[in-house]
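J.: A structural model of the following input is requested.
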Amino acid sequence: MEAALYGPRGFYRRPEGPAGHFRTSVHASPLFAGAVARLLRRVDEALDRPASLDFVDMAAGRGELVTGVLAALPADLAARTRAYAVEIAGRPAGLDHRIEWRADCPEGVTGLLFANEWLDNVPLEVAEVDSAGGWRLVLVREDGTERLGEPVAGAAAEWIARWWPRPAEEGLRAEVGLPRDTAWASAVARVERGLAVAVDYAHTAESRPPFGTLTGFREGRETAPVPDGSCDITAHVALDACALPGGRTLSQRDALRTLGVAGARPPLSLATTDPAGYVRALTSAGEAAELTAAGGLGDFGWLVQPVGIPDPLTGRRATD
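T.: Now for the predicted structure:
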């Protein structure tokens with residue numbers, strides 16, 4: 001998975017970028033970047049408007065989100081914002097000069113670190129229950145052929161016991177999220193004061209999928225997760241396992257509604273008094289509905305981790 005996604009011929013080094021293969025909330029509507037910009041403003045207020053405010057776009061793709069956030073900020077706040085795009089691929093041509101493009105997360109962040117669909121691509125091991133009722137690692141060749149390997153042991157076995165509890169029936173699978181927990185803790189550790197948010201396909205201990213979620217995406221379609229660099233390889237995230245003390249999870253639907261994104265249709269009377277405005281409002285309502293839809297993007301999980309400030313989505317004080 002590591003080589004297929006991030007190696008020299010890996011999927012995330014392809015010139016077309018992720019947007020050439022799948023559509024995230026960032027690509028679905030500029031309303032998403034606008035909501036993140038409003039969240040950044042709340043973080044700014046919680047930090048008492050520092051002279052310099054950081055915005056870090058983790059797994060930035062081709063810089064779509066950070067570009068949209070800067071465009072949505074008021075001019076005075078945009079002038080105080082240091083924008084970072086963290087991505088292994090090279091800097092896109094024509095990217096706003098205000099955005100620092102880098103391969104790793106900066107340290108000492110004061111502001112908002114936002115990771116949209118990052119953790120689902122942090123490589124992990126897959127385990128399966130064998131005929132004797134024991135957990136075994138699933139090994140895979142480059143053509144996608146699988147077989148069972150050695151028994152799961154150590155920290156991985158402990159993680160399954162704690163975070164993926166279920167009767168050990170032959171053929172059931174678990175996706176060992178320990179590397180995601182570690183990656184998230186490392187990212188949060190880079191935040192000195194502010195907020196870290198991870199947005200992703202997610203599940204919790206009460207609803208772990210019995211056969212896992214590992215899959216691939218290529219050119220807009222779901223496909224077999226063949227680790228040859230031709231497709232994205234992804235698995236949903238156990239966000240409850242990733243959460244650090246003081247963090248909480250909520251749905252994208254609830255988070256975006258808190259940030260002013262709603263799918264209400266404009267009044268029909270507007271079509272008579274301002275036809276162009278009605279069309280714009282109707283388009284915006286449709287995009288908002290997609291971002292918050294049950295069974296779709298609205299079901300994404302948001303892991304919200306305040307660091308030294310109250311939770312900007314609730315006002316509650318974070319646990320140190």
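J.: alpha carbons only: can I get stretch 119-139 in PDB?
T.: Coordinates of the C-alpha atoms in stretch 119-139 are reproduced here as PDB (Å, rounded to 0.1, in the frame of the first residue of the first chain):
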ATOM      1  CA  LEU A 119      -6.100   9.300   7.100                       C
ATOM      2  CA  ASP A 120      -7.900   6.900   4.800                       C
ATOM      3  CA  ASN A 121      -4.700   6.800   2.700                       C
ATOM      4  CA  VAL A 122      -2.300   6.200   5.600                       C
ATOM      5  CA  PRO A 123      -1.200   2.600   4.800                       C
ATOM      6  CA  LEU A 124      -2.300  -0.100   7.200                       C
ATOM      7  CA  GLU A 125      -2.400  -3.900   7.600                       C
ATOM      8  CA  VAL A 126      -5.400  -6.000   6.900                       C
ATOM      9  CA  ALA A 127      -6.100  -9.000   9.100                       C
ATOM     10  CA  GLU A 128      -8.500 -12.000   8.600                       C
ATOM     11  CA  VAL A 129      -9.800 -14.700  10.800                       C
ATOM     12  CA  ASP A 130      -8.500 -18.200   9.700                       C
ATOM     13  CA  SER A 131     -10.200 -21.600  10.100                       C
ATOM     14  CA  ALA A 132      -8.800 -22.000  13.600                       C
ATOM     15  CA  GLY A 133     -10.300 -18.700  14.800                       C
ATOM     16  CA  GLY A 134      -7.000 -16.700  14.900                       C
ATOM     17  CA  TRP A 135      -6.200 -13.400  13.300                       C
ATOM     18  CA  ARG A 136      -3.700 -13.600  10.400                       C
ATOM     19  CA  LEU A 137      -2.200 -10.900   8.300                       C
ATOM     20  CA  VAL A 138      -3.500 -10.600   4.700                       C
ATOM     21  CA  LEU A 139      -0.600 -10.600   2.200                       C
END
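J.: quick one: average pLDDT of it?
T.: Model confidence over stretch 119-139, given as mean pLDDT, is 96.
J.: got the buried residues for it?
T.: By neighbour count on 16 or more other Cβ atoms under 10 Å, the buried set for stretch 119-139 is 119-129, 135-138. Placement of C-beta: from N, CA and C, glycine included.
J.: check stretch 178-195 too.
T.: Buried-residue list, stretch 178-195, by 16+ other Cβ under 10 Å: 178-181, 183-184, 187-188, 190-191, 193-195.
J.: coming back round to it: among the buried residues of stretch 119-139, which lie within strands?
T.: 125-129, 135-138 (DSSP state E).
J.: quick check: the farthest pair among the buried residues of stretch 178-195?
T.: Pairwise distances across those (Cβ to Cβ) peak at 27.6 Å, for the pair 178 and 193.
J.: for the closest residue to residue 114 other than its chain neighbours, what is the enclosing helix or strand?
T.: Closest residue to residue 114 apart from its sequence neighbours, by Cβ to Cβ, 6 or more residues apart in numbering: residue 197 at 5.1 Å. Secondary-structure assignment from DSSP states H and E places residue 197 in strand 191-200.
J.: can you pull out the strands in the stretch 101-250 of the chain?
T.: With DSSP state E, counting those that start in this stretch as the criterion, the stretch 101-250 of the chain has strands at 109-116, 125-129, 135-140, 146-151, 173-176, 191-200, 202-203, 215-218, 221-223, 232-234, 237-238, 248-251.
J.: let me have the ones you listed in a markdown table, extended by distance to residue 91.
T.: Supplementary listing: the strands of the stretch 101-250 of the chain in a markdown table, determined by distance: least, Cβ to Cβ, whole Å:
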| stretch | distance to residue 91 |
| --- | --- |
| strand 109-116 | 19 |
| strand 125-129 | 32 |
| strand 135-140 | 32 |
| strand 146-151 | 37 |
| strand 173-176 | 32 |
| strand 191-200 | 23 |
| strand 202-203 | 30 |
| strand 215-218 | 24 |
| strand 221-223 | 29 |
| strand 232-234 | 21 |
| strand 237-238 | 27 |
| strand 248-251 | 33 |
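J.: which of the ones you listed is buried the deepest?
T.: Each of the strands of the stretch 101-250 of the chain was given a mean neighbour count from mean count of other Cβ atoms under 10 Å, and the largest, a mean of 28, is that of strand 237-238.
J.: surely residue 52 meets residue 77?
T.: No: Residue 52 lies out of contact with residue 77 (Cβ atoms under 8 Å); the separation is 11.2 Å.
J.: so those two - more neighbours on which side?
T.: residue 77 (16 against 9; other Cβ atoms under 10 Å).
J.: from residue 55, how far out is the more buried one?
T.: Remark: distance between residue 77 and residue 55 (Cβ to Cβ, to the nearest Å) = 10 Å.
J.: what touches both of those two?
T.: Taking Cβ atoms under 8 Å, 6 or more residues apart in numbering as the contact criterion, the residues that touch both residue 77 and residue 55 are residue 40.
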